[in-house]
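K.L.:
Need coordinates for the following:
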Amino acid sequence: MTADSSGVSVIPPAATPADNEADLAEGTPSPIPAPKITRSARRDALLLWLGSRAGIGVSTLLGVPLAEYVDKWRQWDVVLFTTIAEYGYDGDPAKPHDPGLPAFFPGVPLLMRLVHLVVPDWTVAGLLISLVAGAVAMMALAQLAEMEGANGWMAVLALLLFPTAVFLTAGYSESLFLAFAIPAWLAARQGRWPQAAILAAGGSCIRITGLFLAVALIVEFCLRRQSPQRAGWLLLPLAPLVAYSVYHYSRSGDWLAWKHAQEAGWGRTFAWPWQAWETSWQSAMGDGDFAVGFRMEIVGAVVTVGVLVWLLVLRRWSEALYVGAQGAALLTSAYYLSIPRSLLVYFPVWILVARVATRRPWVMALYALLLGPLMLLHSALFLDGGWAG
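P.N.:
Below is the predicted model of the structure:
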């Protein structure tokens, strides 16, 4: 590793694939590829994203009148985001007050309100936000994968074939968060810490996951032994979280409104991991309407722990913290909720899958054959109004 005239650490691009493998095993950063490879990776990622979204759009229209198409996407959290965007956190005055609304950070509703100025339908506004944000996220993911010595399109395909990938299209927060989080990590890997901090601050406006990203960036900064003079930038991603707490304190006197809204709206109180597992297991083994959903949650919990162990074995400390911190929050809830959907924002997972598949292409073929059908079934469940995470 050398330093340029500005004092920024630069990783030389001349390493071989074997060097990249050693770097991954040691938990050290991989080299930056040539710009030509990066442009190709971005193009492939964009084509995969737009092509897959077009496929979902066409399949959704089959057997559905055009006038009802948008209604198919007006499900679950989309309604809650729309309520906040239209009426604020007090909710629709014509309906009973929803105490769970503060659980949703203001990034998506604010952007929906902005897009609504030119797009009259709130659901369409959310779909457009996810479409554009997803394109940004996929191109950044492909570039990050190329830096790790993997095929960028494989990382994108791994994410798009994951069973809960429908939420990247719907007016949810996952695509928008990834559009900030992955470029932030990419900037950090390139030693551009001010840009990384600014982008991470954008992510903190969207999900509580921004807190885990901010802490992971601090660890990455320390591991790279950067100049302490630039450490102040790392406080910037915490500012939106503080501002959101101050906002709700001014409204209700509650500094932890987000946490208490989770408890009031969904009963997500703290529980020891074994208690959360037992409760979720009993629900998964039952015959209720949500039994299938809880089975998916169980699988998601196992995958989360497996990914965390994988990252720790590879000594990818900052990424392990990012995944582990959110995983710990989800696995110590009174019951499992939205774990498979949260896996979408664990971008280190898709990099690791791509690295394995780059060396062994049959892995990607098997991955697609196993998870692709589940993605289609899960998408159909969501579009039919079923509980899908």
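
K.L.:
Can you give me the neighbour number for Val215?
P.N.:
Residues contacting Val215 under the criterion other CB atoms under 10 Å number 17. C-beta coordinates here come from the backbone N, C-alpha and C atoms, glycine included.

K.L.:
Can you point out the helix or strand that includes it?
P.N.:
Assigning secondary structure by DSSP states H and E places Val215 in helix 209-223.

K.L.:
Toward the C-terminus, what is the element adjacent to that helix?
P.N.:
Proceeding N to C from helix 209-223, the next assigned helix or strand is helix 239-252, under DSSP H and E.

K.L.:
Render the CA-only coordinates of that following helix in PDB, please.
P.N.:
The C-alpha atoms that make up helix 239-252 are tabulated as PDB, following Å, rounded to 0.1, in the frame of the first residue of the first chain:
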ATOM      1  CA  ALA A 239     -26.200  13.100  12.900                       C
ATOM      2  CA  PRO A 240     -29.500  12.000  11.100                       C
ATOM      3  CA  LEU A 241     -30.100   9.500  13.900                       C
ATOM      4  CA  VAL A 242     -29.700  12.200  16.500                       C
ATOM      5  CA  ALA A 243     -31.900  14.600  14.600                       C
ATOM      6  CA  TYR A 244     -34.600  12.100  14.300                       C
ATOM      7  CA  SER A 245     -34.600  11.400  18.000                       C
ATOM      8  CA  VAL A 246     -34.700  15.200  18.700                       C
ATOM      9  CA  TYR A 247     -37.600  15.600  16.300                       C
ATOM     10  CA  HIS A 248     -39.700  13.000  18.100                       C
ATOM     11  CA  TYR A 249     -38.600  14.300  21.500                       C
ATOM     12  CA  SER A 250     -40.000  17.700  20.500                       C
ATOM     13  CA  ARG A 251     -43.300  16.000  19.500                       C
ATOM     14  CA  SER A 252     -43.800  13.500  22.300                       C
END
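
K.L.:
how far does it sit from the chain's center?
P.N.:
Between the mean C-alpha location of helix 239-252 and the chain-wide mean there is a distance of 23 Å, by CA atoms, centre = their mean, to the nearest Å.

K.L.:
before we move on, what about stretch 152-165?
P.N.:
The chain centre lies 12 Å from the centre of stretch 152-165; the measure is CA atoms, centre = their mean.

K.L.:
Check stretch 342-352 too.
P.N.:
Remark: stretch 342-352 is offset 7 Å from the chain centroid, using CA atoms, centre = their mean.

K.L.:
One more: stretch 137-147?
P.N.:
With CA atoms, centre = their mean as the basis, the mean position of stretch 137-147 lies at 14 Å from the chain mean.

K.L.:
do the same with stretch 245-256
P.N.:
The gap between where stretch 245-256 is centred and where its chain is centred comes out at 26 Å by CA atoms, centre = their mean.

K.L.:
Stretch 126-136 now?
P.N.:
The gap between the average C-alpha position of stretch 126-136 and the chain average comes to 13 Å, counting by CA atoms, centre = their mean.

K.L.:
Alpha carbons of it, as PDB, please.
P.N.:
Presented in PDB, the C-alpha positions along stretch 126-136 are these (Å, rounded to 0.1, in the frame of the first residue of the first chain):
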ATOM      1  CA  GLY A 126     -42.500   4.700  -4.400                       C
ATOM      2  CA  LEU A 127     -41.900   2.300  -7.300                       C
ATOM      3  CA  LEU A 128     -40.000   5.000  -9.200                       C
ATOM      4  CA  ILE A 129     -37.800   5.700  -6.200                       C
ATOM      5  CA  SER A 130     -36.900   2.000  -5.800                       C
ATOM      6  CA  LEU A 131     -36.300   1.600  -9.600                       C
ATOM      7  CA  VAL A 132     -33.800   4.500  -9.700                       C
ATOM      8  CA  ALA A 133     -32.200   3.700  -6.300                       C
ATOM      9  CA  GLY A 134     -31.900   0.000  -7.300                       C
ATOM     10  CA  ALA A 135     -30.000   0.900 -10.400                       C
ATOM     11  CA  VAL A 136     -27.500   2.900  -8.400                       C
END
